[in-house]
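**Q** Mind looking at a prediction? Sequence and model below.
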Amino acid sequence: MSNTSPSGLPRARALGIVFPGKSGAHNAITDIPGVEVGYVTKIEGQDIRTGVTAILPRGKEGVGIPCSAAFYSLNGNGEMTGTIWIEESGSLSMPILITNTHAVGQVHSGVIEWVVENKPSVAARWLFPVVAETWDGYLNEINQIVVSKDDAKKAINSAASGAIDEGSVGGGTGMNCYQYKGGTGTSSRVVEYADHDYTVGAFVQANFGHREELTIRGISMENSKIPNPMADEDWFQKDQNRYRPPGGAGSVIVVIGTDAPLLPLQCKALAKRVPLGLARTGTTGSHFSGDIFLVFSTANEGSFASDFPSGEPTESDFDTSISIPWGRMDAFYTATVHAVEEAVINALVVNKDMEGRGGHKSYALRHEFIQSKFRTQPQSGD
């Protein structure tokens, strides 16, 4: 497992931070066989700091093949399209894309165009793409809609397995977390079950939290002395003629994937554990933060489909699947919580300072500061 991102920046473990649980080969959601992730990052001039991320549960070739799935909203001040159908059917067969708040429409249309062009048999039926968002309007001129349908298609086409970058990439480009530079993070955990090694992977687009809340492995990150223009400047009133939003405002999108055989309600149960992983990093969940989570299982391929029926039902017309017994779900809950926690910290660590719209600045959490905290205080146990 590499403790360095593909861009060459160290990940959280490279700083000596110890996380519980056994990680997969890349410590990423792409440790789940078949899962692919792609990015389009848009950094243009002074004002554009945004992008789009694509997560393909079964890869490009598997678009249209359903997965067991569920979603959960801790706080609904945000958007994730396609979730009504997921709630109704317990299945997901489309790519998952994440972008900024005002680009959801363009990205949604781009996914449909990609499916029409690449999977016409799938496009012959209804399409409910999953597009989620967080707000990047501090660093990005969000009302200038620069994320296009073509960008959504490029993100899907660029999706690949293996090690993936983190920090200010894709939809996470212009995001802030705990009022430091935030964005994209990922992690994974391996769950040993009988003769199987199942993977639970977490992917976060982190744009939430107040500076004073941040905790890493039980150690408060207060008094960093790192500039915080989001709190020190009355930027929102100057820009929008409104009061500055509270410090915890923002959003977080979390996607959890696994190759363990889970039923839709078991996916829902994992989604409900995501807030526990976020809480381990300090957040208390702001009213002004859209915290929305999606879970999918790539097991049981061929089940959970909603095809149009043909003729009268026969003895072969049954949907058959296996699942982890409910009484043995605890290990998967634990893996979810641990992977989410580390993914958020990776989003903070694999980052650099960024200047964006109107000269606004977002400062990265300094590695030296984290290490100084760990030299003087022991990490919490699990």
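**A** Alright, I've got the coordinates.
**Q** correct me, but Thr81 touches Ser109?
**A** No: at 11.2 Å, Thr81 does not count as touching Ser109 under the criterion of CB atoms under 8 Å. The way it works is simple: take the backbone N, C-alpha and C, and place the C-beta from them, glycine included.
**Q** Mind listing the shared neighbours of the two?
**A** The contact sets of Thr81 and Ser109 do not overlap (CB atoms under 8 Å, 6 or more residues apart in numbering).
**Q** Of those two, give the one with the bigger neighbour count.
**A** Shown here are Thr81 and Ser109; by other CB atoms under 10 Å, Thr81 has more neighbours (19 against 16).
**Q** so what's that one closest to, chain neighbours aside?
**A** Once flanking residues are discounted, Thr81 sits nearest to Val131: 4.7 Å by CB to CB, 6 or more residues apart in numbering.
**Q** Looks to me like the one you found is in a strand.
**A** Yes: counting by DSSP: H, G, I helix; E, B strand; the rest coil, Val131 is part of a strand.
**Q** residue contacts, it?
**A** By CB under 8 Å, 6+ apart, the residues touching Val131 are 79-82, 97-99, 104, 107-108, 111.
**Q** hmm, try it at 6 Å
**A** 81, 97, 104, 107-108 (CB atoms under 6 Å, 6 or more residues apart in numbering).
**Q** and what of Glu117?
**A** Residues in contact with Glu117 (CB under 6 Å, 6+ apart): none are found.
**Q** what's the helix or strand for it?
**A** Using DSSP states H and E, Glu117 falls within helix 104-118.
**Q** Would you agree Asp197 is in contact with Val190?
**A** Yes: between Asp197 and Val190 there is a contact at 5.3 Å, judged by CB atoms under 6 Å.
**Q** Just want to know which of those two has more residues nearby.
**A** Neighbour tally, Asp197 and Val190, criterion other CB under 10 Å: the higher count belongs to Val190, 16 against 13.
**Q** Tell me how far that one lies from Ile32.
**A** Val190 sits 11 Å away from Ile32, going by CB to CB, to the nearest Å.
**Q** before we move on, what about Leu270?
**A** 13 Å.
**Q** returning to that earlier point: including pLDDT and distance to Val37, could the contacts of Val131 go into TSV?
**A** Shown next, in TSV, are those (pLDDT from 0 to 100; distance: CB to CB, whole Å):
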residue	pLDDT	distance to Val37
Thr81	98	19
Leu97	99	11
Val104	98	19
Val107	98	15
His108	98	19
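**Q** Least confident secondary structure element in the chain?
**A** Least confident element among the helices and strands of the chain, by mean pLDDT, DSSP states H and E: helix 235-240 (a mean of 62).
**Q** For the stretch 1-150 of the chain, which segments are assigned as strands?
**A** Remark: strands assigned in the stretch 1-150 of the chain by DSSP state E, counting those that start in this stretch are 36-44, 48-56, 67-76, 91-92, 96-100, 130-134.
**Q** Can you say which of the ones you listed is nearest to Glu312?
**A** strand 91-92 (23.7 Å; CB to CB).
**Q** Quick check: phi and psi at Glu79.
**A** The phi/psi pair for Glu79 (degrees, to the nearest 10) reads phi -140, psi 140.
**Q** Now it. Nearest residue, chain neighbours left out?
**A** Excluding its sequence neighbours, the residue lying closest to Glu79 (CB to CB, 6+ apart) is Glu133, at 5.2 Å.
**Q** what about that neighbour, neighbour count?
**A** Using other CB under 10 Å, Glu133 has 26 neighbouring residues.
**Q** So what sits opposite it in the bridge?
**A** Per DSSP bridges, the residues bridged to Glu133 are Thr99.
**Q** roughly how far apart are it and Gly171?
**A** In this structure, Glu133 and Gly171 are 8 Å apart, going by CB to CB.
**Q** residues shared between the contacts of these two?
**A** Contact criterion CB under 6 Å, 6+ apart; residues shared by Glu133 and Gly171: Thr99.
**Q** Among the contacts of Val131, find me the one that's closest to Thr281.
**A** Distance to Thr281 across the contacts of Val131 (CB to CB) is lowest for Leu97, with 24.5 Å.
**Q** The stretch 251-382 of the chain: helices as residue ranges?
**A** Under the criterion DSSP state H, counting those that start in this stretch, the stretch 251-382 of the chain contains helices at 264-279, 330-349, 367-376.
**Q** Next, the angle from the longest one to helix 367-376.
**A** Helix 330-349 and helix 367-376 are oriented at 130 degrees to each other (axes from the mean of the first three to the mean of the last three CA atoms, to 10 degrees).
**Q** Give me the contacts around helix 330-349.
**A** Helix 330-349 has contacts (CB under 6 Å, 6+ apart) with 11-12, 19-21, 166, 177, 180, 182-189, 191, 200, 202, 204, 206, 216, 256, 270, 273-274, 276-277, 280-281, 365.
**Q** Restricting to C-alpha, output that helix in PDB.
**A** Once non-C-alpha atoms are left out, helix 330-349 reads as follows in PDB (Å, rounded to 0.1, in the frame of the first residue of the first chain):
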ATOM      1  CA  ASP A 330     -20.800  -5.500  12.800                       C
ATOM      2  CA  ALA A 331     -17.500  -6.000  11.100                       C
ATOM      3  CA  PHE A 332     -18.800  -4.200   8.000                       C
ATOM      4  CA  TYR A 333     -20.100  -1.300  10.200                       C
ATOM      5  CA  THR A 334     -16.700  -1.000  11.800                       C
ATOM      6  CA  ALA A 335     -14.900  -1.000   8.400                       C
ATOM      7  CA  THR A 336     -17.200   1.700   7.100                       C
ATOM      8  CA  VAL A 337     -16.600   4.000  10.100                       C
ATOM      9  CA  HIS A 338     -12.800   3.500  10.000                       C
ATOM     10  CA  ALA A 339     -12.600   4.000   6.200                       C
ATOM     11  CA  VAL A 340     -14.700   7.200   6.300                       C
ATOM     12  CA  GLU A 341     -12.600   8.700   9.100                       C
ATOM     13  CA  GLU A 342      -9.300   8.100   7.100                       C
ATOM     14  CA  ALA A 343     -10.800   9.300   3.800                       C
ATOM     15  CA  VAL A 344     -11.600  12.700   5.400                       C
ATOM     16  CA  ILE A 345      -8.100  13.100   6.800                       C
ATOM     17  CA  ASN A 346      -6.600  12.100   3.500                       C
ATOM     18  CA  ALA A 347      -8.600  14.800   1.800                       C
ATOM     19  CA  LEU A 348      -7.000  17.300   4.200                       C
ATOM     20  CA  VAL A 349      -3.500  16.000   4.100                       C
END
